[in-house]
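In: Coordinates only, no sequence provided:
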């Protein structure tokens, strides 16, 4: 169930198994505990959802961050329909980061799931004065949208074509190395997006942490929650 190259979408079987694997993630979550995880330092953390998701999809992640001692913030922009939600220049998401920065007086750590992670990297490039660090989770920022099984829903929901030069330039911007600490959690067995395009290449400064997970509910996977806590803890 592993794509042959970074240009290939995940195999059909991996895509078909996504709902069953997501259900297993929910079952595993009941045994998850935060005991022993690194504690936070009170820094503000903005969590952005994936395509077609809302802040409710990140409730578990934000709850964990709060219990560890961070100040997690929802993005409050509603359902993520790409540029239809954040604006063609990500201006609404940038405004949200500006508001958190003004409220706390601190740079903001960005955590983004899937499309939310791509957007987070774009915001970090455009406003490095506001961003402390960036962590993406199963975010296909380093390759073509055609290396996913969800490019058609992306086009339908966002109103953009993956062949549009504007979309291409935006992805190229997201893929560039960031000027602040960054990390990417990715799964080789992801059924929606090719995991190989969810992290920078070998030798990159962006830390890559591989997990075994579906794409659906990846942000609730105990292994992923632990990875988030350990990565953020390493940036304290």
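Out: Everything's here; your move. Since the structure is predicted, the reported quantities are computational estimates derived from the model, not experimental observations.
In: And the pLDDT for the nearest residue to residue 204 once chain neighbours are set aside?
Out: Excluding the flanking residues, the one nearest residue 204 by C-beta to C-beta, 6 or more residues apart in numbering is residue 177, at 6.6 Å. The C-beta positions use only the backbone N, C-alpha and C, and glycine is treated the same way. On pLDDT, residue 177 comes in at 96.
In: Verify the stated contact: residue 177 with residue 205.
Out: Yes - counting by C-beta atoms under 8 Å, residue 205 is a contact partner of residue 177 at 6.2 Å.
In: returning to what we had before: now do the contacts for the residue nearest to residue 204.
Out: 200, 204-206 (C-beta atoms under 8 Å, 6 or more residues apart in numbering).
In: Give the buried subset of these as a PyMOL selection command.
Out: In PyMOL syntax, the buried subset of these is picked out as below (16 or more other C-beta atoms under 10 Å):
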select buried, resi 200+206
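In: Show me which of the contacts of residue 177 is closest to residue 27.
Out: residue 206 (31.5 Å; C-beta to C-beta).
In: can you pull the contacts of the closest one?
Out: Residue 206 touches 177-178, 182-184, 199-200, counting by C-beta under 8 Å, 6+ apart.
In: swap in residue 25?
Out: 213-214, 216-218, 220-221.
In: that older thread, which members of the contacts of residue 177 are the farthest-apart pair?
Out: Farthest pair in the contacts of residue 177, by C-beta to C-beta: 200 and 205, 7.8 Å.
In: Show me the strands in the protein, by range?
Out: 44-48, 71-74, 108-113, 131-137, 182-187, 207-211 (DSSP state E).
In: Which one of those lies nearest to residue 98?
Out: If you check each of those against residue 98 by C-beta to C-beta, strand 108-113 wins as the nearest, at 9.1 Å.
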